[in-house]
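Trainee: no sequence on hand, only this structure:
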Ligand code: SF4
Ligand code: SF4
């Protein structure tokens, strides 16, 4: 009789990290679909290409580090990084943009730090910021919402050819930035006149919100980060908007523009680079939200999810230090 | 919110604790059927350490027949519990057997082969527990072997013994049973609620709590109903807690029921709470009201691999294998065997391990049911673990620190407050065996702490040892000085043998000097103490020694004074002799000590000193013999009778000593055997020798006693022909002339020789034991662990005892030797030393003459040569006589060669 000899507990919840990652990817599908609907197949090319690059880089480096490749690939974390970065790239991005971004994210931001769980920064955001800084023009070329190019044109864009300028257009955030303070001009821009927020982007964010709620429902993520994130972004916006509606966009506009929902549910929730405790995560996400609002409103970049997330990744150990939960039996004992 | 709602809904207040998980319960498999009797296996294996604390000590041996409920092992020390035979049968072995322990190590067990008759030992139910009083009840629980049946098996008697100022606010009965699968307490409550409540009443009597709360999880409605109705009308409150693992953890339950947190590092009693398992309450009732010791328990047998899952009333010691077979195990399907629950239990590596007091559940799971843990993946810091931790720890951080051996940070993150509930590992999506990491880290931390403690202790011990050695050296020094002093006095006395006055004066002078030295020393010590000098203690010790010395001298002076007037008028040769004997023997003793010290110090002249000591001894012996003879010859009545009585007393003393030496040796041997020391059999052999010796001495004593009445009569005619000064002539030739002493002497000498031998053996034995014990102590001090302090103390005590014994033996031996010497002296009329000196002088005179003769042979005239020749011959004769006298004297007194 050969009996299993194992330490307690002898039973486990039937979850695993691979399943967690798969759910995250599943939850991005509505957002992906809306993006494709609004901006064309370029987004899909980005995501698929990024995924392929990510798997290849991960496999290469796992092998180089002498780790079992199949086992670690199955945890799905590289795929998640790739998908999130792919979703964040402009639909007009040529093929080398995802390649550089993803390769950098996987190789430098993740594997060189020791692989999954060891990276202090969110790899997808590291890749994104690298691209944003290195290729600011390519990274800010968006297509006007609802004017999705034909798949063939998208493919041409992806392959680095330039079919026409016709596709490029400003995002609502850009538009608002440009005309902030001028109530009349703002009212003229149709792109800002969506049901919730800027046209096109509101649906994108709504779709990511749906995906995020799915994650919440499946307990893949906790409520602390998204709620704090959105509150951190929404509350200052609300206050400022009350003070001067022409200069400051309203909370709904902020929450449903740019990468707000993607950031709140998919990026800031990356557990690896987040703070540890629930309270710590809440504070961190709150600060991310506030920082996004500050950069969007006063900074030089139209959107700021990546910067805000990275900056507060940096602050995670600090936040952890001050937000450690009081362990049982230490009532009033900790100094 | 939910918590608030719950609180509002429930009749009594229940708090909440953070975290927790909800694993599938699987309780319905085993809670549907009533408790059934367990099997009567072919052998019962009862580990001596079933409970927490010191293992019990067997009080039966292999081959003994025992009755059901008979005590087979006694509790040892404060935290311990007794062990009883679960059924009647025969003890077939006491030895190591595999037991349920994560280390997989064997433990000492008593193995009983049941006879199937189930004959009970006489049970003594206590009708009125109050009559016993709390102390009596506690003693009863200890004696009945009651230990916690739920958790770690902490002896109940210890838990219900309160400190003087301890008040119990809440007595909590843990009936939560939060682990999946287990239903033993559930069934117990359903079926024996009244007995449980009776047990709780006993606990209430012992602890006098303000509140008594029973915590039951809400997934046991029948048990709740049964307990509620049993408690109806009492002050016991039933509190239903929501089902959540680990609400049955002691700390969590306290938090649930009282809102209190047990401070980190404290025990519940320190915040006024005592927790007892519901099964323990039942065991308490059985022990008190039915007089039944703890010999059985209800164990849940469940899992997919058993055909008849359920609860079995199992005899302690039943091998798991038998219990599984009883429940219809399918060996083919059995994949994992867990003792305890699936969250905190242990996997069993050997189905031969027995059911013990804490075995609440046995899960015979198939490999599908509780599969092999999936491979560990990287921690994604998802925080699921932190959310499930009931102790509000950060398991992922702890894991990180444990993995990187950063124990300090792990400790700062309160690793030690982890209750190892396994909730974190249960939820971890990366399948990290977190608890295993924590156990490892905790073990390392404890190990390091122990090492630190050990190092500290070792340092303390080293210092203590240094101090002791220093003290010993000082004592030696003091003895040496005393010896020198004594020698000087003796010489002074010898120079003025006739003048007692001289001696008195000398003594007086010595006393004066000693006391002034002492005073000076005291002053020095005091000054040193006042200045808190380092050597104050040393000085004080020296002063004490000096005082002892001065006292001794004073006493001597007193004696001398008392003796002098008496001696002078009567001119009693006896008194003189006595004095001489005392002096000689003390000189001898001093010499022996000197020699020993020299030997110990490995001084070069040790052998010389030893020889000197021997010489002195012979002298003393001779003097004693003389004294004895003188006494025997003295007309004074009583003296003759005194001799045999003395002898008897001596013998008795020797017997006593020998037998106590034997006992000590036996004890040492036993201890050595228990500890498995390799010199155990050696010690045992020694003990046997000693016993033989003691027996021999006893027989001798018996003989002597039998002979004594005769002896008392016999000497009576002896004094008739003797005058006080009629000491036998110094030469051996007088032997024939004085018929009485020779007939008495050889006998006495032989006896004395025997006694001497016996005593010497006893002394050697004791001394050797002392040395061994001393060495053992030193060894133990060197590599003792932190928890060995008691053992060390015991060893030290043993060393002291043995030392005392050895000293005692030595003194007795010395006394005997002195006596023998006195006999020689009495017999030969001369001091042995004198004899020796005479012999030596004769020899040297002879040699001188012979040399002179050789030198002058060629030059001197025939006359001179002839004269010289004659002289040489005469001297030769003289020397021969002296030699013979010496030899005879020595031999006669039964002193063997090395005693001289
Ligand atoms: S549950 Fe496991 S993977 Fe998640 S943070 Fe804890 S240890 Fe890491
Ligand atoms: S095992 Fe320790 S760290 Fe894990 S949940 Fe239990 S108490 Fe917390």
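Mentor: It's in. These figures come from a predicted structure and were not determined experimentally. Ligands and ions are numbered 1, 2, ... in the order given.
Trainee: tell me the contacts of residue 73?
Mentor: Using chain A. Going by Cβ atoms under 8 Å, 6 or more residues apart in numbering or on different chains, residue A:73 touches A:55, A:58, A:59, A:62. C-betas here are computed from N, CA, C, even on glycine.
Trainee: chain B, not that one
Mentor: Neighbouring residues of residue B:73 by Cβ under 8 Å, 6+ apart: B:46, B:48, B:56, B:57, B:58, B:59, B:60, B:82, B:83, B:110.
Trainee: leaving out chain neighbours, which residue sits closest to the closest residue to ligand 2 within the stretch 201-350 of chain B?
Mentor: Per Cβ to the nearest ligand atom, residue B:246 is where the stretch 201-350 of chain B lies closest to ligand 2, at 7.3 Å. Distances taken as Cβ to Cβ, 6 or more residues apart in numbering or on different chains put residue B:421 closest to residue B:246, at 4.3 Å, once the chain neighbours are dropped.
Trainee: thinking the one you found is in contact with residue B:250, fair?
Mentor: No - Residue B:421 lies out of contact with residue B:250 (Cβ atoms under 8 Å); the separation is 11.0 Å.
Trainee: among these two, which residue is more densely surrounded?
Mentor: residue B:421 (28 against 22; other Cβ atoms under 10 Å in any protein chain shown).
Trainee: what's around the residue in the stretch 51-200 of chain A positioned nearest to ligand 2, how many residues?
Mentor: Residue nearest to ligand 2 within the stretch 51-200 of chain A: residue A:117 (17.7 Å; Cβ to the nearest ligand atom). Other residues near residue A:117 come to 21 when the count uses other Cβ under 10 Å.
Trainee: name the SS class of it, please.
Mentor: Using DSSP: H, G, I helix; E, B strand; the rest coil, the structure places residue A:117 in coil.
Trainee: likewise the one 4 residues further on?
Mentor: Secondary structure assignment for residue A:121 (three-state DSSP): coil.
Trainee: what about the residue lying closest to it once chain neighbours are set aside, which helix or strand?
Mentor: Leaving aside its sequence neighbours, residue A:121 sits nearest to residue A:313 (Cβ to Cβ, 6+ apart; 4.8 Å). Assigned by DSSP states H and E, residue A:313 falls within helix A:305-314.
Trainee: other SSEs contacting that helix?
Mentor: Helices and strands touching helix A:305-314, as assessed by 3 or more Cβ pairs under 8 Å, 6 or more residues apart in numbering or on different chains; DSSP states H and E, comprise helix A:123-134, helix A:278-298.
Trainee: now do 10 Å
Mentor: Applying 3 or more Cβ pairs under 10 Å, 6 or more residues apart in numbering or on different chains; DSSP states H and E, one finds that helix A:305-314 makes contact with helix A:77-88, helix A:123-134, helix A:224-243, helix A:260-262, helix A:278-298.
Trainee: gap between that helix and the chain center?
Mentor: Helix A:305-314 sits 11 Å away from the centroid of its parent chain (Cα atoms, centre = their mean, to the nearest Å).
Trainee: buried stuff in that helix?
Mentor: For helix A:305-314, burial by neighbour count (16 or more other Cβ atoms under 10 Å in any protein chain shown) applies to A:305, A:306, A:307, A:308, A:309, A:310, A:312, A:313.
Trainee: against residue A:216, how distant is residue B:589?
Mentor: Distance of residue B:589 to residue A:216, given as Cβ to Cβ, to the nearest Å: 95 Å.
Trainee: switch the helices and strands packed on helix A:305-314 over to JSON lines; also include mean neighbour count, mean pLDDT and distance to ligand 1.
Mentor: JSON lines is the format used below for those (neighbours: other Cβ atoms under 10 Å in any protein chain shown; pLDDT from 0 to 100; distance: least, Cβ to the nearest ligand atom, whole Å):
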{"stretch": "helix A:77-88", "mean neighbour count": "27", "mean pLDDT": "92", "distance to ligand 1": "11"}
{"stretch": "helix A:123-134", "mean neighbour count": "23", "mean pLDDT": "92", "distance to ligand 1": "17"}
{"stretch": "helix A:224-243", "mean neighbour count": "20", "mean pLDDT": "94", "distance to ligand 1": "14"}
{"stretch": "helix A:260-262", "mean neighbour count": "27", "mean pLDDT": "92", "distance to ligand 1": "23"}
{"stretch": "helix A:278-298", "mean neighbour count": "22", "mean pLDDT": "92", "distance to ligand 1": "12"}
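Trainee: is ligand 2 within reach of stretch B:22-29?
Mentor: No - counting by Cβ under 6 Å from any ligand atom, ligand 2 is not contacted by stretch B:22-29; separation bottoms out at 12.7 Å.
Trainee: residue contacts, the residue of the stretch 201-335 of chain A found nearest ligand 1?
Mentor: Taking Cβ to the nearest ligand atom, ligand 1 has its nearest neighbour within the stretch 201-335 of chain A at residue A:271, 6.7 Å off. Counting by Cβ atoms under 10 Å, 6 or more residues apart in numbering or on different chains, residue A:271 makes contact with A:20, A:117, A:220-222, A:225, A:281, B:379-384, B:396.
Trainee: residues touching residue A:154, list them.
Mentor: A:36, A:39-46, A:91-92, A:143, A:148, A:163, A:167.
Trainee: could you say which helix or strand holds it?
Mentor: Residue A:154 belongs to helix A:151-158, assigned by DSSP H and E.
Trainee: got the buried residues for that helix?
Mentor: Burial within helix A:151-158, assessed by neighbour count using 16+ other Cβ under 10 Å, is assigned to A:153, A:154, A:155, A:156, A:157, A:158.
Trainee: wait, the fifth one touches residue A:94, no?
Mentor: What that stands for is residue A:157. Yes - with contact defined as Cβ atoms under 10 Å, residue A:157 reaches residue A:94; the gap is 6.9 Å.
Trainee: touching chain A at all, stretch B:211-221?
Mentor: No - Stretch B:211-221 does not reach chain A (Cβ under 10 Å from any Cβ of the partner chain); its nearest approach is 16.9 Å.
Trainee: in that stretch, what's buried?
Mentor: For stretch B:211-221, burial by neighbour count (16+ other Cβ under 10 Å) applies to B:212, B:213, B:214, B:215, B:216, B:217, B:219, B:220.
Trainee: gap between the third one and ligand 1?
Mentor: What that stands for is residue B:214. According to Cβ to the nearest ligand atom, to the nearest Å, residue B:214 stands 34 Å off from ligand 1.
Trainee: domains of the chain?
Mentor: You didn't say which chain, so I picked chain A. A:16-169, A:171-318 (automatic domain parsing).
Trainee: my question was about chain B, not that one.
Mentor: B:1-20+B:133-291, B:715-821, B:828-900.
Trainee: so which of those domains is the most packed in?
Mentor: Mean neighbour count (mean count of other Cβ atoms under 10 Å in any protein chain shown) peaks for domain B:1-20+B:133-291 among the domains of chain B, with a mean of 20.
Trainee: and the stretch 201-335 of chain A, which of its residues are near chain B?
Mentor: Contact residues (Cβ under 10 Å from any Cβ) of the stretch 201-335 of chain A with chain B: A:219-222, A:224-225, A:269-278, A:280-281, A:316, A:320, A:324-334.
Trainee: tell me which residue in the stretch 401-550 of chain B sits closest to ligand 1.
Mentor: Counting by Cβ to the nearest ligand atom, the stretch 401-550 of chain B gets nearest ligand 1 through residue B:428, at 3.2 Å.
Trainee: residues in chain B within reach of ligand 1, list them.
Mentor: Within reach of ligand 1 by Cβ under 6 Å from any ligand atom, chain B has these residues: B:379-385, B:395-396, B:399, B:427-430, B:432, B:434.
Trainee: most neighbours among the residues you listed, which one is it?
Mentor: Highest neighbour count within those: residue B:395, with 31 neighbours (other Cβ under 10 Å).
Trainee: surely that one is in contact with residue B:383?
Mentor: Yes - applying Cβ under 10 Å, one finds residue B:395 in contact with residue B:383, separated by 9.2 Å.
Trainee: residue A:281 reaches residue B:394, doesn't it?
Mentor: No - taking contacts as Cβ under 10 Å, residue A:281 lies outside contact range of residue B:394: 11.9 Å.
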